[in-house]
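A.B. asks: need a structure here:
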Amino acid sequence: MSGSYRRALQATVEHYSGWQPAPSCIDALKGEGRWNNDWDASLELLRRHGDSLPVRNELIDVFSDFYFGADPDGDPGNWRGYIRDEPLLVRRDFFTALVRNGWRWGFVSGAEPPSARFVLQQRLGLVNPPLIAMGDAPDKPDPSGLVQLSDSLLPDRSGGVVAYLGDTVADVQTVLNARSERPDRHWISLAVSPPHLRPGSDERNTYELQLRSAGADRILSSTEAAIQWSMDHPWAERQGLAESDR
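C.D. replies: Numbers count the residues shown, from 1 in each chain. The predicted structure is shown next:
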């Protein structure tokens, strides 16, 4: 869901300052590994641009209006915001393939629960997907949400392998922090560039270098490439594959 959240971030910053940050500006901010929460990222961009900072709760309302276009806790059928235009990076059979290759899966997301459930359940058609969303655990790179999800996916309370797929430095750092918190498990950081970065471009190469420098174990060419990776690493039911959707 990173695409629609980034659009809402851009629109929110422009609403307050008249300046719309370029995607490269947002990429550079995300590359610092501290700004997984897009409300806080919006405030930070305004601060760096030299603008007066709005009250955080007021900014959240503005952001939500761009993103949802209606009450976030209301009927999703009434939403007219950017969330309805979010391009899906995978189809439902992506998750079927992961299970066939012996991997359990779930989501650790910085998205608000209504938006995460809308994309996962209504647009992808997943039934009660394992999900840790905003408010269920501290924001990434705190590893609590990932550890919590791994405890629910793996058959044993200790041991096993967990691969976490994400597209930000904060996602990579979450895995590194999980290694420190739960050394009994083998944690793997799979990283992928956001879809707006064209393969082979200097911008994408720079972004992937940031992910590698942060500690990613493997850079994938796309989210779909996780299917082949899971096939090449068939650790079966002792494992769990978690994915970040933001």
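
A.B. asks: now the strands for this structure?
C.D. replies: Ranges of strands in the chain, per DSSP state E, are 105-108, 131-132, 161-166, 186-192, 218-220, 239-243.

A.B. asks: residue most distant from the centroid, the protein?
C.D. replies: Distance to the chain centre peaks in the chain at Ser52, reaching 28.6 Å (criterion: C-alpha atoms, centre = their mean).

A.B. asks: what angle sits between the longest helix seen in the chain and strand 161-166?
C.D. replies: In the chain, ranked by residue count with DSSP state H as the criterion, the top helix is helix 2-17. Between helix 2-17 and strand 161-166, the angle comes out at 40 degrees (axes from the mean of the first three to the mean of the last three C-alpha atoms, to 10 degrees).

A.B. asks: any idea how far helix 2-17 is from the chain center?
C.D. replies: How far helix 2-17 lies from its chain's middle: 16 Å, per C-alpha atoms, centre = their mean, to the nearest Å.

A.B. asks: helices or strands up against it?
C.D. replies: Packing contacts for helix 2-17, counted by 3 or more C-beta pairs under 8 Å, 6 or more residues apart in numbering; DSSP states H and E, involve helix 23-30, helix 38-49, helix 56-67. From N, CA and C alone the C-beta is placed, and that goes for glycine too.

A.B. asks: picking that back up, which ones are touching the residue farthest from the centre of the chain?
C.D. replies: The contact partners of Ser52, by C-beta atoms under 8 Å, 6 or more residues apart in numbering, come to Leu46.

A.B. asks: let's go with 10 Å and repeat that
C.D. replies: Residues near Ser52 by C-beta atoms under 10 Å, 6 or more residues apart in numbering: 16-17, 46.

A.B. asks: got the domain ranges for the protein?
C.D. replies: Listed by automatic domain parsing, the domain ranges of the chain are 2-85, 92-243.

A.B. asks: and the average pLDDT for the first one is what?
C.D. replies: Right, domain 2-85. Summarised as a single mean, pLDDT over domain 2-85 is 95.

A.B. asks: quick one: end-to-end length of it, please.
C.D. replies: One end of domain 2-85 sits 12 Å from the other (C-alpha to C-alpha, to the nearest Å).

A.B. asks: doesn't Asp40 make contact with Arg56?
C.D. replies: Yes. Assessed by C-beta atoms under 10 Å, Arg56 is found in contact with Asp40 at 8.2 Å.

A.B. asks: just to revisit the earlier point, nearest to Gly77, of the strands of the chain?
C.D. replies: With C-beta to C-beta, the closest approach to Gly77 among those belongs to strand 131-132: 21.0 Å.

A.B. asks: so which elements touch the closest one?
C.D. replies: In terms of contacts (3 or more C-beta pairs under 10 Å, 6 or more residues apart in numbering; DSSP states H and E), strand 131-132 is packed against strand 105-108, helix 113-117, helix 144-153.

A.B. asks: so which of the strands of the chain gets nearest Leu29?
C.D. replies: Closest among these, using C-beta to C-beta: strand 161-166, at 15.9 Å.

A.B. asks: so in that sheet, which strands flank that closest one, and in what orientation?
C.D. replies: Strand 161-166 has its sheet partners listed here by DSSP bridges as strand 186-192 (parallel), strand 239-243 (parallel).

A.B. asks: turn those strands into a markdown table, including distance to Thr12 and mean neighbour count.
C.D. replies: A markdown table is the format used below for those (distance: least, C-beta to C-beta, whole Å; neighbours: other C-beta atoms under 10 Å):
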| stretch | distance to Thr12 | mean neighbour count |
| --- | --- | --- |
| strand 186-192 | 25 | 23 |
| strand 239-243 | 26 | 25 |
